[in-house]
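Participant: requesting a structural model of the entry that follows:
(one chain, ligands or ions: 1)
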Amino acid sequence: MSKSLEVVHLYTRMNYPSAVVFDLDYTLWPCWCDTHIYMPLKAVSKTEVSDLFGMTLSMYRDVESILEELVANGVIIIGASRTATPRVAKELLSLLHLNGKPAIKYFDNLQWGQGSKIHHISRAAKELKIEEELKKGQFILFDDEIRNRDVSSINCHFAHISDETEGLTRSIFDAELATWRQNFEHIE
Ligand SMILES: [Mg+2]
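Facilitator: Modelled structure (predicted):
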């Protein structure tokens, strides 16, 4: 491989992490699906659902372009939620579409349950056989709950979603990826 091709290859490899993990409630959509939603759910359109009492819900605006970008760059996408009702979350992910496709199809792995997200992420890495990538700092978690920053102890970069009215935004995503790239260069 020529020197210039090597540089391009290195840049491409380092440009995105191996896996990005997303919390669901107040990261991808503006509600707690175990307390704010009353079944049954009904699709109002491909991008909006309503519950028993007519409350409507959609993904935050920038989620579609961000997940598309990750897929286009070969990044593994993982969901990690503490919700008490995974059944409701899965139905939301099935009914809400991104780019005409059920959102659930974007996820390579979904992890549920109480406790630290260290467990969710470790389990996902094991199931996907990418534990080495996790050890090397190739994971990012986007999450609105600051307590989940403990994932940095397993070398997963923690990206905080600070505003629940906006959720995951393009500006947060780009800024956190830039921070991760800087940190990752130091690790390398
Ligand atoms: Mg959350």
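Participant: how about the residues of this protein near the ion?
Facilitator: Asp23, Asp25, Tyr26, Asp144 (CB under 5 Å from the ion). (Each C-beta comes from the backbone N, C-alpha and C, glycine too.)
Participant: keep only those of those residues that are in strands.
Facilitator: Among the residues of the chain next to the ion, no member falls in strands (criterion: DSSP state E).
Participant: which elements pack onto the helix or strand hosting Ala125?
Facilitator: Ala125 belongs to helix 117-127 when assigned by DSSP states H and E. Judged by 3 or more CB pairs under 8 Å, 6 or more residues apart in numbering; DSSP states H and E, the packing partners of helix 117-127 are strand 19-22, strand 76-81, strand 109-112, helix 131-135, strand 139-143.
Participant: make CSV out of these and add mean pLDDT.
Facilitator: Converted to CSV, the helices and strands packed on helix 117-127 look like this (pLDDT from 0 to 100):
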stretch, mean pLDDT
strand 19-22, 98
strand 76-81, 98
strand 109-112, 98
helix 131-135, 98
strand 139-143, 98
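Participant: closest one to Glu164 among these?
Facilitator: With CB to CB as the measure, strand 139-143 is the member of these nearest Glu164 (11.9 Å).
Participant: which of the residues in stretch 128-136 are buried?
Facilitator: Leu128, Ile130, Glu133, Leu134 (16 or more other CB atoms under 10 Å).
Participant: gap between the last one and Ile104?
Facilitator: Think Leu134. Leu134 sits 23 Å away from Ile104 when distances are taken as CB to CB, to the nearest Å.
Participant: where in the protein is the helix or strand with the lowest mean pLDDT?
Facilitator: When the helices and strands of the chain are scored by mean pLDDT, DSSP states H and E, helix 3-15 comes last with a mean of 55.
Participant: for the protein, which spans come out with low pLDDT?
Facilitator: 1-14, 186-188 (pLDDT under 70).
Participant: nearest residue to the middle of it?
Facilitator: Phe22 (2.1 Å; CA atoms, centre = their mean).
Participant: ok now do Pro102, which residues does it touch?
Facilitator: Leu93, Ser94, Leu95, Leu96 (CB atoms under 8 Å, 6 or more residues apart in numbering).
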